[in-house]
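Novice: this is a predicted model, with the sequence first.
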Amino acid sequence: MNDSKLGRLNNNTTTAMDATLKVGAKKSKSGFSEFWRRYRKNKLAVIGLVVVAVYILVAIFADLFFPYDFATQNQISNAFAKPLTRADVDYNDQTVSHLYVLGADNFGRDILGRIIHGARVSMIIGFSTIAFACFVGSALGAIAGYYGGKIESIIMGATDILLAIPNILFALAIVAALGPSFQNLLLAIGITSIPAFVRLMRASVLTVKDQEFIEASHAIGARDFRIIVQHIVPNCMAPIIVQATLGIAQSILSATSLSFLGLGIQPPAPEWGNMLSDARSYLSFAPHTLFFPGIAIMTVILAYNLIGDGLRDALDPKLKR
Amino acid sequence: MARYIIRRLLLIIPVLLGVTFIVFALTYISPGDPARMILPQDATEADIVRMRHFMGLDEPFLLQYFHFLFGFQSPSSDPSFSYKGLIALDLGRSYVSNRPVFQTILERFPNTALLSFFALILSIILSIPAGIISATHQYSFADMVVSILALLGLSMPAFWLGMLLIWVFSVQLKIFPALANPSNLKSLVLPVITLATMNTAVQARMTRSSMLEVIRQDYIRTARAKGLEEKKVIRKHALQNALIPIVTVIGLQVGQLLVGAVLTETVFSYPGIGTIMVDAIQRKDTPQILASVVFVAIVFAVVNLIVDIIYAFIDPRIKSQYESVSKKKLKASQKKA
């Protein structure tokens, strides 16, 4: 008898779940076009999207735009060439006339080429680390805020431990311990990005979970998972989206910062932080080596921020105009 | 309230244990042998084994961690290999300078604290009023200016900004020196601006978005409807609730300040704890790395503690959760019934 009851219960749950899924699918479809309609209104956000798309294309097709060797091989005779100078360079044992659009660095390497190849590194770091941190951090924060008690103490304790080690140093400790590799840098930055999401999500959940509509959900017998995912999390998304926006910026910044300190991606690999680290020694007489890599970093981070703002305005019904 | 604070104070112990354990473990598994590092190049294998014994490096991992916390008595006659442990703020001597590691840190930390403190104050003074004005006058000219400046500040890498400031104010205009020193207040202007920019931008944005969220709620409309002055509505009703995420962000940003200080100090060659860390890591000066990280961790933990206690003061909903256990039990028994 117990079995049949259980079976019926299971059947009921499945149909209920199917129904929810169907409704959810319908909702998200119309939801997306509605979201896109609102997102489109924000011109800056659209510009941000275009800029990031350009950077992604540049990152993917970097070799088409600029041969890698060109950006890494030394051309000492052309050191500190000013922007828009034309000079002879050795390439594949041939002498080629080359236009330095953004000038050359201290080794005579083309700055535009190095920026293009550096884009690849920064794009991968920004995307992967924040996707990882946002998912893990939000889940942990929601659980901690909703359940409280021991689970909260454990999660927030772990978060405090992670927070108690400065990002760069923790990232460095990980890279130093596991060996300096690109994957370990990703892991290090990803892990150090988690705590912000946990704390923010928990703080938001704490303010939402005592409100009447949550009590109402409890009253009609909704289960915890459903309450968290359907009712609490959507009401906490605005700050999380802002944080994810800042997070991608932070992540790219962390990577360039580590490289700037000479402790991240190692030269001669083209990386924006490396380029600025070199530029520091020559900024009094070759400011172009300082300007352009910095502008590259700033533009891409600005673009992510504009997208984030657009997303927030488009996603949060409370902020509708 | 007292219960909450005591609870929170007790929580700091596992935090510190966790931090020290992670840092110690990472240093332990990292390649490179400290004994080999302090011995001359031509040392024999036997010398190295003996040195490892003197330094306690041949002990099992957990015992080494225990030494790290509570002190180590070296079998060598040389007292410089012994140390009293973290508990006595003594983790031995630097492999590079042969000075007690905490002596260097305690000498230099006030410099970093000074820089961070100025930057924090500057960022709070600028960001919160800017964020409030931006939110209460949404889509106005002021809002646009604040939003654009905040976006630019957010997108600017601190070390790049620092170098740009040096290029403009030191190289071109020759107003401020390019190298900073705590004894010269004028030289601190550029590093403080550099360090504060990111925080100001983050906090202003958070204040704006948090205020916007709160301002749209019904109780704000109620407050206005009952004829309350707009100033009071903002200050008493809106700001108090909007502050919760803002305090979270400021708390997190204090950590970012110390990280930012590492970069700012490097750009301006400022003698702080950031430059100690970078040097120690580059030279694999293990005791100095451990001590710097653990020291900063203690500072961080205290900051987190303060942030959490401030939460309880500004949000009574959080305070009430910890107020009395018996009330919770009562509720639970009522639910059962």
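Specialist: It's in. Numbering: from 1, shown residues only, chains lettered A, B, ... in the order given.
Novice: and the residue nearest the centre of chain A?
Specialist: Taking Cα atoms, centre = their mean as the criterion, A:Ile248 is the residue nearest the geometric centre of chain A, at 2.7 Å.
Novice: got the contact list for it?
Specialist: A:Ile248 is in contact with A:Gly126, A:Phe127, A:Ile130, A:Ile301, A:Tyr304, A:Gly308, counting by Cβ atoms under 8 Å, 6 or more residues apart in numbering or on different chains. (Glycine included, C-beta is placed from N, CA and C.)
Novice: same question, A:Ser77
Specialist: Counting by Cβ under 8 Å, 6+ apart, A:Ser77 has contacts A:Ala87, A:Gly108.
Novice: send me the strand or helix carrying the residue nearest to the centre of chain A as PDB with only the CA atoms.
Specialist: Element membership for A:Ile248, per DSSP states H and E: helix A:237-260. Extracted C-alpha coordinates of helix A:237-260, given in PDB (Å, rounded to 0.1, in the frame of the first residue of the first chain):
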ATOM      1  CA  MET A 237      19.100  39.200  -8.700                       C
ATOM      2  CA  ALA A 238      19.600  43.000  -9.100                       C
ATOM      3  CA  PRO A 239      22.600  43.200  -6.800                       C
ATOM      4  CA  ILE A 240      24.000  39.900  -8.100                       C
ATOM      5  CA  ILE A 241      23.900  41.100 -11.600                       C
ATOM      6  CA  VAL A 242      25.700  44.300 -10.600                       C
ATOM      7  CA  GLN A 243      28.200  42.200  -8.800                       C
ATOM      8  CA  ALA A 244      28.700  39.900 -11.800                       C
ATOM      9  CA  THR A 245      29.300  42.900 -13.900                       C
ATOM     10  CA  LEU A 246      31.900  44.200 -11.500                       C
ATOM     11  CA  GLY A 247      33.200  40.600 -11.200                       C
ATOM     12  CA  ILE A 248      34.100  40.300 -14.900                       C
ATOM     13  CA  ALA A 249      35.900  43.600 -14.600                       C
ATOM     14  CA  GLN A 250      37.600  42.500 -11.400                       C
ATOM     15  CA  SER A 251      38.600  39.200 -12.900                       C
ATOM     16  CA  ILE A 252      40.300  40.800 -15.900                       C
ATOM     17  CA  LEU A 253      41.800  43.400 -13.600                       C
ATOM     18  CA  SER A 254      43.200  40.700 -11.300                       C
ATOM     19  CA  ALA A 255      44.800  38.900 -14.200                       C
ATOM     20  CA  THR A 256      46.400  42.100 -15.600                       C
ATOM     21  CA  SER A 257      47.300  43.200 -12.100                       C
ATOM     22  CA  LEU A 258      49.200  39.900 -11.400                       C
ATOM     23  CA  SER A 259      51.000  40.200 -14.700                       C
ATOM     24  CA  PHE A 260      51.800  43.800 -14.000                       C
END
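Novice: following it, which helix or strand comes up?
Specialist: That would be, after helix A:237-260 and using DSSP H and E, helix A:272-282.
Novice: elements contacting that following helix?
Specialist: helix A:111-147, helix A:237-260, helix A:288-315, helix B:158-165 (3 or more Cβ pairs under 8 Å, 6 or more residues apart in numbering or on different chains; DSSP states H and E).
Novice: the helices in the stretch 201-337 of chain B, which residues?
Specialist: With DSSP state H, counting those that start in this stretch as the criterion, the stretch 201-337 of chain B has helices at B:218-225, B:230-232, B:240-268, B:273-283, B:286-314, B:316-323, B:325-336.
Novice: run through who's touching the first one.
Specialist: When you say that, I think you mean helix B:218-225. B:Val214, B:Glu230, B:Lys232, B:Val233, B:Lys236, B:His237, B:Ala238.
Novice: count of neighbours near the fourth one?
Specialist: To tie it back to what came earlier, the one meant is B:Val233. Burial of B:Val233 is recorded as 20 neighbouring residues (other Cβ atoms under 10 Å in any protein chain shown).
Novice: what do you get for the first one?
Specialist: In terms of burial, B:Val214 registers 21 neighbours under the definition other Cβ under 10 Å.
Novice: can you pull the pLDDT of it?
Specialist: With respect to pLDDT, B:Val214 has a value of 86.
Novice: could you do the fourth one as well?
Specialist: The model reports B:Val233 with a pLDDT of 82.
Novice: now do the contacts for it.
Specialist: So, once contact is read as Cβ under 8 Å, 6+ apart, B:Val233 ends up touching B:Ile220, B:Ala223, B:Arg224.
Novice: and if we set it to 6 Å?
Specialist: B:Ala223, B:Arg224 (Cβ atoms under 6 Å, 6 or more residues apart in numbering or on different chains).
Novice: hmm, back to that, tell me the angle the helix holding A:Ile248 makes with helix A:272-282.
Specialist: Angle, helix A:237-260 to helix A:272-282, by axes from the mean of the first three to the mean of the last three Cα atoms, to 10 degrees: 50 degrees.
Novice: name the nearest residue to A:Leu112, sequence neighbours excluded.
Specialist: A:Leu102 (4.4 Å; Cβ to Cβ, 6 or more residues apart in numbering or on different chains).
Novice: which residue ranges of the stretch 1-150 of chain A form helices?
Specialist: A:2-41, A:43-60, A:62-65, A:68-72, A:111-147, A:149-163.
Novice: what does the stretch 1-150 of chain A have sitting close to chain B?
Specialist: Within the stretch 1-150 of chain A, no position is adjacent to chain B by Cβ under 6 Å from any Cβ of the partner chain.
Novice: any low-confidence regions in chain B?
Specialist: By pLDDT under 70, the low-scoring segments of chain B are B:31-32, B:255, B:316-337.
Novice: would you mind listing what in it touches chain A?
Specialist: Counting by Cβ under 6 Å from any Cβ, chain B sits next to chain A at B:14-15, B:18-19, B:26, B:29-30, B:151, B:154-157, B:159-160, B:163, B:167, B:171, B:209, B:216, B:244-245, B:248, B:252, B:258-259, B:262-263, B:278, B:281, B:293, B:296-297, B:300-301, B:304, B:317-318.
Novice: tell me who's in contact with A:Leu200.
Specialist: Listed by Cβ under 6 Å, 6+ apart, the contact set of A:Leu200 reads A:Pro239, A:Gln243, B:Thr248.
Novice: any idea how far A:Ile240 is from it?
Specialist: 6 Å (Cβ to Cβ, to the nearest Å).
Novice: pull out the buried positions in the helix or strand harbouring B:Arg52.
Specialist: Element membership for B:Arg52, per DSSP H and E: helix B:45-54. By 16 or more other Cβ atoms under 10 Å in any protein chain shown, the buried positions in helix B:45-54 come out as B:Arg50, B:Met51, B:Arg52, B:His53, B:Phe54.
Novice: tally up the residues packed near the closest residue to A:Gly294 other than its chain neighbours, please.
Specialist: Distances taken as Cβ to Cβ, 6+ apart put B:Trp160 closest to A:Gly294, at 3.9 Å, once the chain neighbours are dropped. By the criterion of other Cβ under 10 Å, B:Trp160 has 27 neighbours.
Novice: now the one 5 residues further on
Specialist: Per other Cβ under 10 Å, the neighbour tally for B:Leu165 reads 20.
Novice: for the closest residue in space to A:Ala286 that isn't next to it in sequence, give me the backbone phi and psi.
Specialist: Computed as Cβ to Cβ, 6+ apart, the closest residue to A:Ala286 that is not its neighbour in sequence is A:Phe80, at 4.6 Å. The phi and psi values for A:Phe80, taken as degrees, to the nearest 10, are phi 60, psi 30.
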